[in-house]
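> got a sequence here, can you build the structure:
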Amino acid sequence: MDYFFAKTVDYPVAIAVEKITNHLKQHGFGILTQIDVQKTLKDKIDFEFRPYIILGACNPNFAKEALTHERRLGLMLPCNVIVQQTEDGRTEIAAINPERTIQTIGNEKLAEISTKVKEVMQSMINSL
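Down below sits the predicted model:
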């Protein structure tokens, strides 16, 4: 089982970000953070990098439930989604597989929540 789900598409990074954001909203997720890695590396260390966006997605209901079962779970939140340009100019979208990462905690109470979040992430990737 991989720690992520990924798909490569033929539309630009900006369109992929828009599509993912809309899909996540339909499932109760919001984007808490959006990091433009390309811009950050250029601004901070004058390094040229490919378009690469990190989206921090969170569903408050899932977060509330999970945090009541595991007080340090915030170390693994939000669920990250990346959108990056590939070498051939296409766009790759990848999302975290929460089932895989939650297994490392060893808290069985989180299994159902992580499965629900996994289903949303897989659905999002499959819908692109």
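
> doesn't residue 83 lie inside a strand?
Yes. Assessed by DSSP: H, G, I helix; E, B strand; the rest coil, residue 83 belongs to a strand.

> give me the contacts around the lengthiest helix in the chain.
Secondary structure of the chain read by DSSP state H shows that its longest helix is helix 111-127. When contacts are defined by Cβ atoms under 8 Å, 6 or more residues apart in numbering, helix 111-127 is touched by residues 5-7, 20, 23-24, 27, 29, 59, 62, 65-66, 69, 79, 81, 93-99, 101-102. (Each C-beta comes from the backbone N, C-alpha and C, glycine too.)

> and that helix, C-alpha only, in PDB?
C-alpha atoms of helix 111-127 as PDB (Å, rounded to 0.1, in the frame of the first residue of the first chain):
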ATOM      1  CA  ALA A 111      -9.100   3.400  11.500                       C
ATOM      2  CA  GLU A 112     -12.700   4.300  10.400                       C
ATOM      3  CA  ILE A 113     -11.800   8.000  10.000                       C
ATOM      4  CA  SER A 114      -8.700   7.300   8.000                       C
ATOM      5  CA  THR A 115     -10.700   5.000   5.700                       C
ATOM      6  CA  LYS A 116     -13.300   7.700   5.000                       C
ATOM      7  CA  VAL A 117     -10.600  10.300   4.300                       C
ATOM      8  CA  LYS A 118      -8.800   7.800   2.000                       C
ATOM      9  CA  GLU A 119     -12.000   7.300   0.000                       C
ATOM     10  CA  VAL A 120     -12.300  11.000  -0.600                       C
ATOM     11  CA  MET A 121      -8.600  11.300  -1.600                       C
ATOM     12  CA  GLN A 122      -8.900   8.300  -4.000                       C
ATOM     13  CA  SER A 123     -12.100   9.600  -5.400                       C
ATOM     14  CA  MET A 124     -10.500  13.000  -6.000                       C
ATOM     15  CA  ILE A 125      -7.600  11.500  -7.900                       C
ATOM     16  CA  ASN A 126      -9.800   9.100  -9.900                       C
ATOM     17  CA  SER A 127     -12.100  12.000 -10.900                       C
END
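
> the residue nearest the centre of the chain: what's it in contact with?
Nearest to the mean C-alpha position of the chain, counting by Cα atoms, centre = their mean, stands residue 81 at 2.2 Å. Shown in contact with residue 81 (Cβ under 8 Å, 6+ apart): 20, 24, 54-55, 57, 93-96, 121, 124.
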